[in-house]
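> Got a predicted structure plus its sequence, pasted below:
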Amino acid sequence: MMTNDQRLTGKRLDGKVALITGAGSGIGRESALLFAAEGAPVIVVDIEDHAGDDTVSAITKAGGRAVYVHADVARAADTERMIASAEREFGKLNVLFNNAGIMHGRDDDAVSTDEAIWDLTMNVNAKSVFFGCKYGIPALRRAGGGSIINTASFVAVLGAATPQIAYTASKGAVLALSRELAVVHARENIRVNALCPGPLRTELLMKFLDTEAKKQRRLVHIPMGRFGTAPEIARAALFLASDESSFVTGTEFLVDGGITAAYVTPE
């Protein structure tokens, strides 16, 4: 629960150490900047060294604390090392944000998508979350509990209007994994939630929606009539990371401009 010191300072993550994968750009970078501003030392993880270093530089210039760790999150050894780095650098780990992911330009329907694209997408988007939890949960136990946030997607609930079978399947896996881990670890003071963004105006999605027709095909389904932004998702992640969400676990935390409300019919 939130301490008196946290209430006085207004720092929502005071006393917590956070690790964010894919923190060199997009949601990860915005979350790293926000988490640091809210009092958490941040382990910035990425495979792109320049991008990761830029995030660390931005945090330190703003008066925060951060270190960069190069890691391919689809590799067990790299993931184990990033978790160890958090405990070595800052003494513990309280918040694990498994955010890194890809959306490949050659991801299409089941007939057209190559096996190699399927395997790559599943490794980066789903296996990485398994590895993050495999090596991160023992660290959270040592810290007395904590919050795991796994980036899924609204397509894990709806499916995508533009075919992207590997991405959709990988995010469905993240959602299912998050639900099970939430149940398994609930009494260890470890919360696990799947953050499900709607379509965002980020480099990742805009590279995929590379024509105006593709963009409009997505926008027509969003009741708010616009793409979301990375800072908006970062603020949702902050809620899940903080003690403000202390009774929230096992959720599909949808931040989607209303798209699922428009298309999911209650049973």
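Looks like it arrived, so ask away.
> any weak-confidence spans in the chain?
Counting by pLDDT under 70, the chain has low-confidence residues at 1-9, 204, 208, 264-267.
> quick one, what contacts the nearest residue to residue 75 once chain neighbours are set aside?
In this structure, residue 75 finds its nearest non-sequential neighbour in residue 131, 7.7 Å apart by Cβ to Cβ, 6 or more residues apart in numbering. The way it works is simple: take the backbone N, C-alpha and C, and place the C-beta from them, glycine included. By Cβ atoms under 8 Å, 6 or more residues apart in numbering, residue 131 lies in contact with 73-76, 79-80.
> ok, longest strand in this structure?
Ordering each strand of the chain by length in residues (DSSP state E) puts strand 190-197 first.
> what packs against that one?
When contacts are defined as 3 or more Cβ pairs under 8 Å, 6 or more residues apart in numbering; DSSP states H and E, strand 190-197 sits against helix 128-142, strand 146-151, helix 155-158, helix 165-185, helix 230-241, strand 252-255.
> Using PDB, list the CA coordinates for that strand.
Extracted in PDB, the C-alpha atoms of strand 190-197 (Å, rounded to 0.1, in the frame of the first residue of the first chain):
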ATOM      1  CA  ILE A 190       2.800 -10.600  -7.000                       C
ATOM      2  CA  ARG A 191       0.300  -9.000  -9.300                       C
ATOM      3  CA  VAL A 192       0.200  -9.800 -13.000                       C
ATOM      4  CA  ASN A 193      -1.800  -7.800 -15.500                       C
ATOM      5  CA  ALA A 194      -1.900  -7.700 -19.300                       C
ATOM      6  CA  LEU A 195      -1.900  -4.100 -20.700                       C
ATOM      7  CA  CYS A 196      -3.900  -4.100 -23.900                       C
ATOM      8  CA  PRO A 197      -3.400  -0.900 -26.000                       C
END
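> now the residue nearest to residue 39 when sequence neighbours are not counted, what's its secondary structure?
In space, and not counting its chain neighbours, residue 39 is closest to residue 11: 3.3 Å by Cβ to Cβ, 6+ apart. Following DSSP: H, G, I helix; E, B strand; the rest coil, the label given to residue 11 is coil.
> Surely residue 11 and residue 41 touch.
No - the pair residue 11 / residue 41 is not scored as a contact, 11.9 Å apart, by Cβ atoms under 8 Å.
> Give me the more crowded residue out of the two.
Of the pair residue 11 and residue 41, residue 41 is the one with more neighbours under other Cβ atoms under 10 Å, namely 22 against 16.
> Surely that one touches residue 17?
Yes - distance between residue 41 and residue 17: 5.2 Å, which falls inside the contact criterion (Cβ under 8 Å).
> Need the overlap of contacts for those two.
residue 90.
> which residues does the residue nearest the centre of the chain contact?
Residue closest to the mean C-alpha point of the chain, counted by Cα atoms, centre = their mean, is residue 99 at 2.8 Å. Counting by Cβ under 8 Å, 6+ apart, residue 99 touches 20-23, 27-28, 31, 149, 151, 237.
> Good, we can wrap up now.
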